[in-house]
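S.K.: give the three-dimensional model of this entry:
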Amino acid sequence: MEAGSENDPQRVRPFFQVLVGATVLGLLTAAWIAVIGRIQEEDVEFFELAFYVMPFWYLWALFLLPVVRLARLRPIEQDNWFSRTAMHIVVALLLGLVHTLTRFALELAAQVEPGPEGEQGVSFVDVMGLATLEAPVHLFIYGAILGVTYIGGYRRRLRERELATTQLSEQLALARVQALRMQINPHFLFNAMNSISMLVRDRKQEEAVKTIAGLSDLLRYVLDETADQEVPLRRELAFIERYLSIEQIRFQDRLRVSVSAPEDALDALVPNLVLQPLVENAIRHGVSRSAALTTIEISAHVKNERLVLQVLDDGPGFTDETPRAASSGLGIANTRKRLTQLYGDGYVLELDQRAPHGVAVRLSLPLHTTPVLNGAETQ
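M.R.: Next up, the predicted model:
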């Protein structure tokens, strides 16, 4: 009961605001007509004018919600401005006619004389004449409602876009922190440094320097605070290759890597750091759990205006002891959240068991080369 009582005022408040607004407009209109009458030395009564004018604004108050809904369902946009504008003009004229007929019916029911000079008879011609005279006023009011609705919608979308930008920035920061935590944890650093030490002891200075440079580039990339939300696929693949080159030193002859992508896919944009948790998932649940040689295949291709990324491994795959734990890990969960923020329901992320063993991760994204943010493509 308490929850319902808290929500009821919120539901009643908009109707109360519309009622108050219509009343204020009616009083102002009556006052304006009264002032004009006094200037012209005519005998006018303010309350009689208010009684005559109020139905005009109260009827428009009843029309307000349908007009707002129609404006949102059939917005005037660049590619349909002519047909939609014509449609709204027709609707405005029809509402104006209904408005005039309803007022005359109310006045006759209340036995109020509609004519300013007190004529008793009202003909169809009189009604249509008044409807024609009032048509510009009705068009103006209808247009004002459309304008306020569109301005409100634009401000709402602007706030939503700002909120989405903030949330995406938080998700990207979280992805960086997650990637950094997985890559520079003590175990990773120990293995990387130990591998470098082994290369130095074996007097493989060139390989040691190359490994140190790769580790430095990887950490610099992850810590880059100016990184974009989306990057070209070629840049993402370059990062993954640096990451895997260090992991190959760790696993030596237990890890083999294959990366392939056609030229028409390399310029497509993908979320920054999106492949790292997928590859880390393959290493953790594939390479780390097998003493045999494990191959990780990373590929991309374009199909039906979509970019399809795949991370395949031929490791042990899912087991009864770990029922698809990979699909519910923190890295995969964070990746799904970021993808939802960027593309809504326009992406597909699947993890499947391969035959005879191994795991396949497939990510399907809308094919695009313009960022979804700052490009008016937010979903």
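
S.K.: helices or strands next to the helix or strand hosting Ala105 in the packing?
M.R.: Ala105 is part of helix 81-109 when elements are defined by DSSP states H and E. Where contact means 3 or more CB pairs under 8 Å, 6 or more residues apart in numbering; DSSP states H and E, helix 81-109 is packed against helix 46-73, helix 124-183. From N, CA and C alone the C-beta is placed, and that goes for glycine too.

S.K.: please, which helix or strand holds Ser364?
M.R.: strand 359-366.

S.K.: ok, residues contacting that strand?
M.R.: Surrounding strand 359-366, the residues in contact under the criterion CB atoms under 8 Å, 6 or more residues apart in numbering are 268, 270, 274, 278, 281-282, 285-286, 305-313, 315, 317-318, 326, 339, 343, 346-354.

S.K.: quick one: buried ones out of those residues?
M.R.: Neighbour counting over those (16 or more other CB atoms under 10 Å) leaves 268, 270, 274, 278, 281-282, 285-286, 306-313, 315, 317-318, 326, 339, 343, 347, 349, 351 as the buried ones.

S.K.: so of those, which ones are in strands?
M.R.: Secondary structure from DSSP state E places 270, 306-313, 349, 351 of these in strands.

S.K.: show me the shaky parts of the stretch 151-300 of the chain.
M.R.: 173-174, 176-189, 191, 224-227 (pLDDT under 70).

S.K.: all helices for it, in order.
M.R.: Assigned helices in the stretch 151-300 of the chain, in chain order: 186-201, 205-222, 233-251, 263-266, 275-282 (criterion: DSSP state H, counting those that start in this stretch).

S.K.: residue contacts, Asp314?
M.R.: 286, 294-295, 354, 357-358.

S.K.: and which of these is nearest Leu64?
M.R.: Arg354 (59.2 Å; CB to CB).

S.K.: surely that closest one touches Val311?
M.R.: No: at 11.3 Å, Arg354 does not count as touching Val311 under the criterion of CB atoms under 8 Å.

S.K.: now for the helices of the stretch 151-300 of the chain, which one comes closest to Glu42?
M.R.: Go through the helices of the stretch 151-300 of the chain one by one with CB to CB and the one that ends up closest to Glu42 is helix 233-251, at 77.6 Å.

S.K.: for the closest one, packing partners?
M.R.: With contacts defined as 3+ CB pairs under 8 Å, 6+ apart, helix 233-251 has these neighbours: helix 186-201, helix 205-222, strand 255-260, helix 263-266, strand 269-271, helix 275-282, strand 294-303.
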